[in-house]
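3D model of this:
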Amino acid sequence: MRRLLVQRGRYFDSVFLLRISRTLEEVPGVSRAVVAMGTPANMESLVRVGFNAQQGITPNDLVIGLEAKSEDAARVAEAKLAQMLASGGEHSESSEELTSTLGDALAVDAEANLALISVPGAYAAAEARRALRRGLHVMLFSDNVSVEDEISLKDEAARRGLLMMGPDCGTAIVNGVPLGFANVVRRGPIGIVGASGTGIQEITSLIDRAGGGVSHALGTGGRDLSKSVGGKSMLAAIDALTADPETRIVIVVSKTPAPEVAELVLKRLAAARKPAVVQFVGSPPAPPRGSIVFAETLADAARRALELTGLGTASLSNGAEAHFPAYHGSLRGLFCGGTLAQEAWSILRRRGIDIRSNVANDTAHKVKAGAKVDGHVVWDLGDDAFTVGRPHPMIEPGLRDNKVLQAVGDPSVGVVLVDCVLGHGAHADPAGSLARAVGRAADVGPADRRPAVVASVTGTDRDPQSYRDQRRTLEDAGICVAESNAEAAEWCAATLIARGSEKAARGAGT
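Next up, the predicted model:
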């Protein structure tokens, strides 16, 4: 049975609502729970998964879609929902004064200089513009903001000498404070600008675990390095880090940018006269350019920046390749982080593996999310096509873990490659959830045919989940854990190449 409930004129932060959705899906008898604002995109998603949309729902309305096996289960879920909404989220136990408008917030703290905005996309641009006109830097977490509004906001921020991070900026660290989906890292001389949330998380976590530190990590939003936006936030953030005396080294990370925008970024970095490391995920390595060096992977970006600070980087690698039993099966990459998925796909392609992905940057290897693929494949499970009516897998990894369970039980699969992303905003125990999925698959098929499961963990010991504890949980479950996402992909590539060599040798009768 499906039930759609609407509460008019009740707004809540999207991350808070995703956490409610996750909690309600844990209620026995509830197979699906979607708690979201009534934006057109959210309503379209609800319709696609079988709910009947009501007329007159607006982005200011709270919408709850419940799919339950019985009336009793639905009533329990509704009671739990009412309890969680009444709490208002984590802030309910705080002594901090709650405010409902930007003006009220500034009246409470006139020294505030940054606004983090997470409202429905239809209202996000207006709120961001209001904050800029009050002299505040902006981190715009909201998505569904038009390109035209993005350009207008970034132009206004530039005129006012302010940073405009976003829209769709999910990760930042400002003066040591993690914002959005971010990890807890020590302070230091390395500044980062990223059009990639999990790219920033991977680099900052690796720097911290190697003993280094981060001055700031400034997100730009995923469209910033497109031809239409022109890298406006990236260029402004480079200028800010150039002017910051605590930042001695600058890292730029992004998925593959528009060529002309990449050139603008490189010229700005060269003019900054600070050592810089650039990692355009999925792009081929390039030779140094003055004070700029190009990293091959996210881990290599962290390594090169650490070397520029004089720190050793031995902890960024296990120091040896892992070779798994010679199963004659394919690879399944099942990722929560989009940039991590693209990096893994790119590494495997560079090593000569014929592998497809929904984040591939060439048409020959790009496949639609959810398509049936024979052979090797890497999936970014945070793609909208996978998350219709469900929380992002970094918040609720059940979607990914179910696919891991299926892959481990599939006799055609030889290796399963996964990520595990920690930090604020992420699931409280992603490693435990993954380990339980692998454990449930232990009784599926003969032990000598089960695939190896290879993982990386993006996070630090200071994170709420604790890198060390999460890693131990995975290893105790028999999962091979690499020091970085790049190393995990390299392990898999080496194993697949070795298998191919063995198969060729057998075919030649040697």
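
for Val214, what are its contacts?
Contacts for Val214 were tallied using C-beta atoms under 8 Å, 6 or more residues apart in numbering; they are Ile173, Val185, Arg186, Arg187, Gly188, Ile190, Gly191, Ile192, Thr204, Ile207, Asp208. C-betas here are computed from N, CA, C, even on glycine.

so what's the third one closest to, chain neighbours aside?
What it means is Arg186. Gly213 (4.3 Å; C-beta to C-beta, 6 or more residues apart in numbering).

that older thread, out of the contacts of Val214, which are buried?
The neighbour-count test (16 or more other C-beta atoms under 10 Å) marks Ile173, Val185, Gly188, Ile190, Gly191, Ile192, Thr204, Ile207, Asp208 as buried among the contacts of Val214.

adding distance to Trp491 and pLDDT, write those out as JSON lines.
Below are the buried ones among the contacts of Val214 laid out as JSON lines (distance: C-beta to C-beta, whole Å; pLDDT from 0 to 100):
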{"residue": "Ile173", "distance to Trp491": "29", "pLDDT": "97"}
{"residue": "Val185", "distance to Trp491": "25", "pLDDT": "97"}
{"residue": "Gly188", "distance to Trp491": "29", "pLDDT": "97"}
{"residue": "Ile190", "distance to Trp491": "27", "pLDDT": "98"}
{"residue": "Gly191", "distance to Trp491": "31", "pLDDT": "98"}
{"residue": "Ile192", "distance to Trp491": "26", "pLDDT": "98"}
{"residue": "Thr204", "distance to Trp491": "23", "pLDDT": "98"}
{"residue": "Ile207", "distance to Trp491": "22", "pLDDT": "97"}
{"residue": "Asp208", "distance to Trp491": "23", "pLDDT": "96"}
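
among those, which are in strands?
Residues of the buried ones among the contacts of Val214 located in strands (DSSP state E): Ile173, Ile190, Gly191, Ile192.

most widely separated two among these?
Put simply, by C-beta to C-beta the two of these set farthest apart are Ile173 and Ile190, 10.9 Å from each other.

which of the contacts of Val214 sits closest to Ala428?
For the contacts of Val214, the closest approach to Ala428 (C-beta to C-beta) belongs to Val185, at 19.4 Å.

the closest one against Ile207, yeah?
Yes. Judged on C-beta atoms under 8 Å, Val185 makes contact with Ile207 at a distance of 6.8 Å.

what residues are shared contacts of those two?
Jointly contacting Val185 and Ile207 under the rule C-beta under 8 Å, 6+ apart are Gly213, Val214.

just the helices from the stretch 101-250 of the chain, written as ranges.
102-108, 121-133, 147-160, 197-209, 232-243 (DSSP state H, counting those that start in this stretch).

what's the closest of those to Thr473?
Nearest of the helices of the stretch 101-250 of the chain (C-beta to C-beta): helix 197-209, 17.0 Å.

quick check: which ranges of the stretch 401-510 of the chain have low pLDDT?
Low-confidence segments of the stretch 401-510 of the chain (pLDDT under 70): 442-449, 500-510.

tell me the contacts of Ser215?
Applying C-beta under 8 Å, 6+ apart, we find Ser215 in contact with Arg187, Gly188, Pro189, Ile190, Gly191, Leu241, Asp244, Glu246, Thr247.

if we can go back for a sec, the buried ones among the contacts of Val214: which two are farthest apart?
Gly191 and Asp208 (14.2 Å).

how's this protein carved up into domains?
2-90, 102-313, 330-505 (automatic domain parsing).

now render the ones you listed as TSV, adding distance to Glu321.
Shown next, in TSV, are those (distance: least, C-beta to C-beta, whole Å):
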stretch	distance to Glu321
domain 2-90	37
domain 102-313	15
domain 330-505	5
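
confidence-wise, which of those is weakest overall?
Sorting those by mean pLDDT places domain 2-90 lowest, at a mean of 84.

any chance of TSV for the helices of the stretch 101-250 of the chain, columns distance to Ala498?
Output for the helices of the stretch 101-250 of the chain, formatted as TSV (distance: least, C-beta to C-beta, whole Å):
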stretch	distance to Ala498
helix 102-108	58
helix 121-133	48
helix 147-160	46
helix 197-209	26
helix 232-243	40
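
quick one, phi psi at the residue nearest to Arg186?
Main-chain torsions, Gly213, degrees, to the nearest 10: phi -150, psi 160.

now Ile292
Torsion angles, degrees, to the nearest 10, at Ile292: phi -100, psi 130.

report the beta-bridge partner residues of it.
In this structure, Ile292 bridges to Ala276, Arg289 when assessed by DSSP bridges.

neighbours of it, just the number please.
Neighbourhood size, Ile292 [other C-beta atoms under 10 Å]: 19.

and the gap between it and Ser283?
14 Å (C-beta to C-beta, to the nearest Å).

helices of the stretch 251-400 of the chain, start to end?
259-272, 298-309, 338-350, 398-408.

ok and the third one relative to helix 197-209, angle-wise?
Just to be clear, that refers to helix 338-350. Angle of helix 338-350 versus helix 197-209, following axes from the mean of the first three to the mean of the last three C-alpha atoms, to 10 degrees, is 90 degrees.

please apply the same query to the shortest one.
Relative orientation of helix 398-408 and helix 197-209, computed by the same axes, to 10 degrees: 80 degrees.

how far does helix 398-408 sit from the chain's center?
The chain centre lies 18 Å from the centre of helix 398-408; the measure is C-alpha atoms, centre = their mean, to the nearest Å.

that's all I had, so thanks and see you.
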